[in-house]
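Engineer: output the structure for:
(one chain, ligands or ions: 1)
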Amino acid sequence: MIPHLLILGGTTEASALARTVADAGLRAVLSYAGRVDKPRAQPIPVRVGGFGGVDGLAHYLRAEGVTHVVDATHPFAAQMSANAVAACAATDVPLIALTRAPWQAGPQDRWTLVPDIAAAVASLARPPRRVFLAVGRMHLAMFAAQPQHRYLLRLVDQPDGLPFPDCQVVVDRGPFTAEDDKDLMKNHDIDLVVSKNAGGTGARSKIDAARELGLPVLMIDRPAIPPRDEAQTPAQVMNWLAHSGVNLGV
Ligand SMILES: NC(=O)c1ccc[n+]([C@@H]2O[C@H](COP(=O)([O-])OP(=O)(O)OC[C@H]3O[C@@H](n4cnc5c(N)ncnc54)[C@H](OP(=O)(O)O)[C@@H]3O)[C@@H](O)[C@H]2O)c1
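Structural biologist: So this is what the prediction gives:
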């Protein structure tokens with residue numbers, strides 16, 4: 001079989017997989033939602049923008065002759081992941097997710113676990129604090145319900161407008177080190193970090209920095225995603241491809 005992979009991306013892990021499949025000489029396309037103004041350069045062709053729900057993705061898979069889908073999206077991109085499960089089932093295209101284990105609190109971490117973003121917002125109903133709100137751009141509006149805090153945001157692009165009266169924005173793109181993030185948090189007198197439990201290494205620096213500074217972290221748990229095959233590394237994805245009829249020697 002001559003494979004044609006669709007990689008659903010937007011993560012460090014998807015970029016690593018794109019490098020692996022490029023090195024193997026496989027035909028593959030990396031898909032971005034289009035949330036970032038200038039995505040990183042990639043060694044395989046890139047497409048940008050939503051597919052149009054489950055039906056749109058199913059149509060894309062058929063029209064492009066996609067033979068395999070790898071969902072390497074962020075663990076909080078639950079809609080895209082659910083759509084991939086449904087569209088691959090409808091078209092009989094094999095699907096695997098490239099996932100990363102959630103972070104686990106160690107003895108020196110000061111985490112408060114909350115099940116979702118709404119619960120994180122609710123638990124911020126308390127006197128003003130200096131909050132490093134490290135949750136990306138998409139759900140910031142929900143935190144407008146707690147305007148009493150001074151928020152620090154770190155975003156890939158300069159936002160058009162922000163829903164907070166007291167807010168500082170750092171426009172920067174990782175990877176960051178724990179030392180970088182310790183400096184950032186000290187410079188902004190941060191006393192609370194709010195984070196999604198992304199797992200992996202790409203976004204971990206703020207968690208390590210919070211531990212080293214003894215700061216509390218409000219840790220948001222992952223959304224549920226329908227069951228699918230999973231791999232934890234690009235090598236495991238390649239192994240899965242080899243076992244589903246792809247000749248990796250091409
Ligand atoms: N959520 C996070 O915290 C987070 C953090 C880092 C990176 N990201 C990346 O940012 C992207 C968007 O995340 P999200 O949480 O907004 O997703 P989402 O809520 O699961 O997806 C919403 C819609 O965006 C489109 N979409 C999402 N990912 C796509 C992709 N890779 N290629 C093409 N279309 C995509 C799909 O539109 P259609 O229904 O029209 O197909 C999807 O239904 C993802 O690629 C994800 O990997 C997300």
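Engineer: how about low-confidence regions in this structure?
Structural biologist: Residues of the chain meeting the criterion pLDDT under 70: 249-250.
Engineer: kindly recompute the last result at 80.
Structural biologist: 1, 245-250 (pLDDT under 80).
Engineer: up against the ligand, what does it have?
Structural biologist: By the rule CB under 6 Å from any ligand atom, the part of the chain lying against the ligand is 8-11, 31-33, 35, 50-53, 56-57, 73-74, 76-80, 83, 136, 138, 196. The C-beta positions use only the backbone N, C-alpha and C, and glycine is treated the same way.
Engineer: not counting its neighbours along the chain, what's nearest the spatially most central residue of the chain?
Structural biologist: Compute the mean C-alpha point of the chain, and by CA atoms, centre = their mean the closest residue is residue 74, 2.7 Å away. Excluding its sequence neighbours, the residue lying closest to residue 74 (CB to CB, 6 or more residues apart in numbering) is residue 11, at 5.3 Å.
Engineer: what about the one you found, how many neighbours?
Structural biologist: 20 (other CB atoms under 10 Å).
Engineer: can you point me to the longest helix in this structure?
Structural biologist: Scanning the chain for the longest helix, with DSSP state H as the assignment, gives helix 78-91.
Engineer: sheet partners, orientation included, of the helix or strand following it?
Structural biologist: The helix or strand immediately downstream of helix 78-91 is strand 95-98, counting by DSSP states H and E. Strand pairing for strand 95-98, determined by DSSP bridges: strand 68-71 (parallel), strand 229-231 (parallel).
Engineer: tell me the most buried of these?
Structural biologist: Comparing the strands paired with strand 95-98 by mean neighbour count (mean count of other CB atoms under 10 Å), strand 68-71 ranks first with a mean of 26.
Engineer: contacts for that strand, please.
Structural biologist: The contact list for strand 68-71 (CB atoms under 8 Å, 6 or more residues apart in numbering) reads 3-8, 17, 61, 80-81, 84, 88, 93-98, 228, 237, 241, 244, 246.
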